[in-house]
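[1] attaching a predicted model along with its sequence, questions to come.
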Amino acid sequence: MIVSSKKLFEACYGKYGIAAINVWCMEQVHALFRAAQKADAPFIVQTTPVARNYAHPEMLLSMISAAAKIHPDTVFAVHLDHGTKEHAMDCIESGGYTSVMIDASHEPFHSNVALTKEVVEQAHAKNIAVEAELGVLSGVEDDLVVDQKSSKYTRPSEVEAFVNQTGCDSLAVAVGTSHGAYKFSGSQGLQFDILKEIQQRLPGFPLVLHGGSAVNFEEIQRINAAGGQLGIDAKGVSTDELLKAIQYGVCKINIATDARLIWTRVHREFFKLSPAQFEPIIPGKSFMDALETFNLQKFELLGAVGKA
Ligand code: G3H
Ligand code: 13P
Ligand code: NA
Ligand code: ZN
């Protein structure tokens, strides 16, 4: 059953996390709905503009509604991830999405507010929720001075004004994560002092953590053992950090990189171990099964099992 992310966030706030899983192919859609059906866990299925361009928007939405028919007990929201105003407006117009993200976080505060507000007005008229972002999520470089480093994080002093002026329904915050497989250097991790202050200023308001992949080091080692050349400094968000973030108001945890790593590991191992094979559905099935297991474990550690 397709539901509003607002309902999912009201139920989970401060208690458990909702995994927001990026999909761009059929195998991922199967792996996600199968795991959710087994775990009885609510989730968000999300597509980026890149994924919509790759698979075609109709193809992605059709796969999602087919999966919902195959797994009728699933409870989920359908979300546009990292849209521009134009992408968001397109999804609001064409339907199929229960929420959209307008990512104008690279803009100055006032244009971020203006762009987000325009999307909120259109979206709310159609009962669609809006995720906005404040603060710039990116890899933090070691050679940046502290001042520059902290200027990338969400400024807690700005969050109330931003939410009040835009009317957005959830807020993605930059508190130390980045997209991809290389999130942290050294012992660096999530900036809980910033997250705590954001929560104090927005009590009960759903926060979103982008860059939520775990980047399991065993996957990195297996990829490299099968011919890959990923850096051994690959690092993701630990379970402890995710659970602590949930206490501080993070409701939605975005995950894309972990699926890319599993895809890469499965295919590299297949080609290395079975060099005479040329049957795509063999690694395809391995990928679906491995991803289903990953999703199940993710629902468990986020505390979402049995909450659908
Ligand atoms: O944050 C977004 C995703 O990790 C990027 O995915 O390659 O589909 O844009 P994409
Ligand atoms: P990861 O790169 O950690 O998977 O983050 C995904 C994300 O934030 C999608 O919006
Ligand atoms: Na998003
Ligand atoms: Zn993201």
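    Nice, I can see it. Ligands and ions are numbered 1, 2, ... in the order given.
[2] what sits closest to residue 299 if chain neighbours are left out?
    On the basis of Cβ to Cβ, 6 or more residues apart in numbering, the spatially nearest residue to residue 299 that is not a chain neighbour turns out to be residue 41, at 3.8 Å. In short, each C-beta sits where N, CA and C put it, glycine included.
[3] may I have the secondary structure class of the one you found?
    Following DSSP: H, G, I helix; E, B strand; the rest coil, we place residue 41 in the coil state.
[4] what's the distance between it and residue 164?
    Computed as Cβ to Cβ, to the nearest Å, the residue 41 to residue 164 distance reads 33 Å.
[5] which one of those two is surrounded by more residues?
    residue 41 (26 against 11; other Cβ atoms under 10 Å).
[6] what about that one? Give its phi and psi, please.
    Here is the backbone geometry of residue 41 (degrees, to the nearest 10): phi -110, psi 130.
[7] model confidence at residue 187, what's the number?
    You'll see residue 187 listed with a pLDDT of 70.
[8] and for residue 19?
    Among the per-residue scores, residue 19 holds a pLDDT of 99.
[9] element containing it, please.
    strand 18-22 (DSSP states H and E).
[10] whether that strand contacts ligand 4 - can you check?
    No: against ligand 4, strand 18-22 shows no contacts by Cβ under 5 Å from the ion, the least distance being 8.3 Å.
[11] who touches that strand?
    Strand 18-22 has contacts (Cβ atoms under 8 Å, 6 or more residues apart in numbering) with 5, 8-9, 12, 28, 32, 41-48, 51, 79, 81, 208, 212, 251-256, 259, 295, 298-299, 302, 304.
[12] does that strand come close to ligand 3?
    No: legend: contact between strand 18-22 and ligand 3 by Cβ under 5 Å from the ion is lacking; minimum distance shown is 6.4 Å.
[13] what's the answer for stretch 34-54, then?
    No: using Cβ under 5 Å from the ion, stretch 34-54 stays clear of ligand 3, coming no nearer than 5.8 Å.
[14] okay, how far is it across that stretch, tip to tip?
    End-to-end distance of stretch 34-54 (Cα to Cα, to the nearest Å): 23 Å.
[15] so which bits of it are buried?
    34-37, 39, 41-49, 51-52 (16 or more other Cβ atoms under 10 Å).
[16] and which of these is nearest to ligand 3?
    If you rank the buried residues of stretch 34-54 by distance to ligand 3 using Cβ to the ion, residue 46 comes first, at 5.8 Å.
[17] can you pull the phi and psi angles for the closest one?
    According to degrees, to the nearest 10, residue 46 has phi -130, psi 150.
[18] please give me every residue in contact with it.
    Residues in contact with residue 46 (Cβ under 8 Å, 6+ apart) are 20, 21, 22, 23, 78, 79, 80, 81, 254.
[19] 6 Å instead?
    The contact partners of residue 46, taken as Cβ atoms under 6 Å, 6 or more residues apart in numbering, are 20, 22, 79, 81.
[20] repeat that for residue 68.
    No contacts exist for residue 68 under Cβ under 6 Å, 6+ apart.
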